[in-house]
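1. Fold the following.
(2 chains)
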Amino acid sequence: MKLSICWLYGSSMNIYGDRGNVLALAQRCRWRGIEAEIVQFGLGEPLEPGTHDIFFWGGGQDREQINVSADVQGAKGEALRAEVEDGAPLLSVCGGYQLLGHYYRPADGADLPGIGLFDATTTAGEERFIGNIVVESSEFGELVGFENHSGLTHLGSGAQPLGTVRVGKGNNGVDGTEGCRYRNAIGCYMHGALLPKNPVLSDYLIRAALRRRYDVAELPVLDDSLETTAHASAVGRALARR
Amino acid sequence: MSATSRVDVRLAAGVAAGKLSGRAIRLLGRGGGTAAPGLIANLIEPNILSKLTGKVRDGRIVVAGTNGKTTTSRMLANILERADLRVIHNRSGSNLVRGISAAFAAQSSWFGEPRGDIAVIESDEAAFPEVVQRVNPRIILLLNLFRDQLDRYGELDTIASRWRASFETLRPDQLLLVNGDDPALAAITEDLPAQRLLFGIRESRYLLAELPHAVDSALCRRCGAPLRYEQLFLSHLGEYICDSCGFHRPPLDFAASEIELHGLDSVSLRLAHDDSAFDLAVAIPGLYNAYNAIAAASAALAVGVGSSLIAETLGAFHSAFGRIERVTYRGRQLVIVLVKNPVGFDEVLRMLAAGGLNDPTLIVINDLDADGRDVSWLWDVNAEQLADGSSPIYTAGIRGADMAVRLKYAGIATERIHPLGALADSFEQFVDALPEGGSGYILPTYTAMLELRRMLAQRGAVAEFWEQ
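-> Numbers count the residues shown, from 1 in each chain, chains lettered A, B, ... in the order given. Down below sits the predicted model:
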């Protein structure tokens, strides 16, 4: 079996160690005998439907986000939405998460349109939220990461958050929500990198990909003792520094 | 104070407060007292830094960059001292306005007369514009701009824009001495009233095959197109050109060639300037230290120091505090190398990998303010360089568990990964694991290095750092 991991805009949007997420997906496939291919997907390249199995979209600097917002409009954004509608798993963090919503509104300048996959909008805030973040998710349990954003994201009435914030700020620092869920897509503000310390999320994405391409639901269990220790130590650190 | 008085009472009071509180802190055993005295001195005399630095006859040299500031400043200060100049220098690496003020107070008379002819001032990236404004530098030495502690400094673009604004205030009699191999630095120092000279590397040994993934300056700052590298030396440092708008590495005024890396021991190179060239050897390792030596030597040449004096001083140079240190402890050789951001960490691993990775390594990761509270940066480190070795790798520190996971996902066999706990408990364990007469590497983040050094000092293996 082979899975293709598509790293959206990896060359221009790769900040805060987000490539750890791509590494985690690829390695956890390989350790199970599943071949994993990482494909960098950049500005100006077309998105062929059905080619990729897991999508990852990380954060970037403001300057780069403008180019990417323009690039993802039209056919490419449509193709990405169609993939997710068809059940493709996707993880997005920070800048990528914001552009999967309806728009990102900077402090000055025009709105950066997103693709509206998530029923969410983001506005630049005055305060920067920087710190460890712990989230409780009914679906995935306890998740831990590090947030660093000034964008304030508000979910639409029908949108489902990834979880509720136990430590940190999350979507907007007010309503206690963090991230967004839609079909097999996840958006959030959690760097860290997120997946290596939260293997339950990695395996959710891999399982969804295997089900979609190979109709396989079984995923061999891995020894996650190092990951579990790191998760617990990060949560402990978040609680201590609150 | 009368108008005719020659003593600035407020300045003298500020200096006194800085001196006395520094001594008190050291007497109380609360550390080196390298920053708090400056904070106190600035409360009494907010202009203490500009007043004291203004009295330094031969001017101020400010050294800035993500990596190598402490080492380069020390090299430069040593060269200037060798040239019989009295140098004022924030030698302990305390590089915010308060730390620099404390260093000046400590090196001034009680009446506020600095005891120096020239100043070498290492500046923090975020504090840089304020430092420039206060000390009115004669030369600004710019080393590099890499991704570093995003939780504290913000994105690279933000720093670059702030620096650019600061450069625009410079006068034609001020000199920017810039690493031309860094496209971000070359771009933000273009078209200014100040003079500009560039240093860099011109040769084809020790090239990287491709840009490391954590590079933030892969795009042309003028037009946004990707830069093409003719040669790549370290992170995004190299000979670059933008095929879209023509932006390219400017001609070098100080060019290094014939670089030889001698493992963990030393580096040698040939530095050309105008129509002459001379050979340099530095007793600290790695290509990154070659860059530091090139920067320090170029600044010394710009000040008018002769090449033989520069070569002599650098040949006898010892590492700046904690950057790289060899310590004998319980019959074992410990090589301690500071790691603080992805580029620095990568270069240390590159050096270890070139040496064969035969000895055990202890990596100590903390997440205190001075280390950066966000450990995401570990995922920008090319830890895959360690995958080919067979030696055990131990992890420790507040976020040692994160490092263990990083190693695992870098493809290092889990049998080689040994997560230990807090440094205080795990240090002796690591030493026990080394054979008698054997050696090991310790790679700590900044606060872990301080803690390690404190432990080694208590055990009589090293001196306290403020005594250095």
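
2. Based on its surroundings, how many neighbours for B:Thr72?
-> Around B:Thr72 there are 27 other residues, counting by other C-beta atoms under 10 Å in any protein chain shown. From N, CA and C alone the C-beta is placed, and that goes for glycine too.

3. Now do whatever residue of the stretch 51-200 of chain B ends up closest to chain A, the pLDDT please.
-> Nearest to chain A, among the residues of the stretch 51-200 of chain B, is B:Glu155, at 4.6 Å (C-beta to the nearest C-beta). pLDDT recorded at B:Glu155 is 74.

4. same deal with the one 3 residues further on?
-> Looking at B:Thr158, its pLDDT stands at 86.

5. helices or strands up against the helix or strand of chain A with the lowest mean pLDDT?
-> Here the helix or strand of chain A ranked lowest by mean pLDDT, DSSP states H and E is helix A:62-71, holding a mean of 84. Helix A:62-71 is packed against helix A:95-99, strand A:112-113, with contacts defined by 3 or more C-beta pairs under 8 Å, 6 or more residues apart in numbering or on different chains; DSSP states H and E.

6. Identify each buried residue in whatever helix or strand comes next after that helix, please.
-> Going down the chain from helix A:62-71, the next helix or strand is helix A:75-85, by DSSP states H and E. Residues of helix A:75-85 classed as buried: A:76-77, A:79-81, A:83-84 (neighbour count, 16 or more other C-beta atoms under 10 Å in any protein chain shown).

7. so which of the residues you listed comes closest to chain B?
-> Closest to chain B, out of all of those and judged by C-beta to the nearest C-beta, is A:Lys76, at 19.0 Å.

8. list the contacts for residue 179?
-> All of this is about chain A. Going by C-beta atoms under 8 Å, 6 or more residues apart in numbering or on different chains, A:Gly179 touches A:97, A:135, A:161-163, A:170-171, A:186-190.

9. try chain B instead
-> B:Asn179 neighbours (C-beta under 8 Å, 6+ apart): B:65, B:142-144, B:185, B:198-200, B:237, B:291, B:295.

10. partner residues bridging it?
-> Counting by DSSP bridges, B:Asn179 forms beta bridges with B:Phe199.

11. quick one: secondary structure of A:Ile130?
-> strand (DSSP: H, G, I helix; E, B strand; the rest coil).

12. Give me the distance between A:Asn148 and chain B.
-> According to C-beta to the nearest C-beta, to the nearest Å, A:Asn148 and chain B sit 6 Å apart.

13. Now do the same for residue 197: its pLDDT.
-> All of this is about chain A. 97.

14. I was after chain B.
-> 98.

15. May I see the buried residues of the least confident helix or strand of chain A?
-> A:64-69, A:71.

16. which residue is nearest the middle of chain B?
-> Closest residue to the average C-alpha location of chain B: B:Gly68 at 2.6 Å, with C-alpha atoms, centre = their mean.

17. hang on, isn't that one packed against B:Asn144?
-> Yes. With contact defined as C-beta atoms under 8 Å, B:Gly68 reaches B:Asn144; the gap is 7.1 Å.

18. any shared contact partners between these two?
-> B:Tyr291.

19. ok, which stretches of chain A are strands?
-> Remark: strands assigned in chain A by DSSP state E are A:2-8, A:35-41, A:54-57, A:90-93, A:103-105, A:112-113, A:120-137, A:141-155, A:163-167, A:177-178, A:180-182, A:185-188.

20. pLDDT check: weakest of the buried residues of helix A:75-85?
-> Pick the lowest pLDDT in those and you get A:Lys76, at 91.

21. List the buried residues of stretch A:167-179.
-> A:167-172, A:177-179.

22. Extract the C-alpha set from it and format it as CSV.
-> What follows is stretch A:167-179, C-alpha atoms only, in CSV (Å, rounded to 0.1, in the frame of the first residue of the first chain):
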residue,chain,number,x,y,z
VAL,A,167,-5.1,26.1,28.8
GLY,A,168,-4.4,28.9,26.3
LYS,A,169,-6.5,31.0,23.9
GLY,A,170,-7.7,28.9,21.0
ASN,A,171,-9.8,30.4,18.2
ASN,A,172,-10.3,33.8,19.6
GLY,A,173,-9.6,33.8,23.4
VAL,A,174,-13.2,34.5,24.2
ASP,A,175,-15.6,31.6,23.4
GLY,A,176,-13.4,28.8,24.6
THR,A,177,-13.3,27.0,21.3
GLU,A,178,-10.3,25.8,19.4
GLY,A,179,-10.1,24.8,15.8
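
23. what about that stretch, distance to the chain center?
-> Offset of stretch A:167-179 from its chain centre (C-alpha atoms, centre = their mean, to the nearest Å): 16 Å.

24. Is B:Asp157 in a helix, a strand, or coil?
-> helix.

25. Wait, it touches A:Asp62, no?
-> Yes. Using C-beta under 8 Å, B:Asp157 is in contact with A:Asp62, at 7.0 Å.

26. which residues in the stretch 101-250 of chain B form strands?
-> B:118-122, B:139-142, B:175-179, B:195-201, B:228-234, B:237-241 (DSSP state E, counting those that start in this stretch).

27. just the stretch 301-450 of chain B next, same as before
-> Using DSSP E, counting those that start in this stretch, strands in the stretch 301-450 of chain B cover B:324-329, B:332-337, B:361-364, B:393-396, B:417-419, B:439-444.

28. Brilliant, that's me finished.
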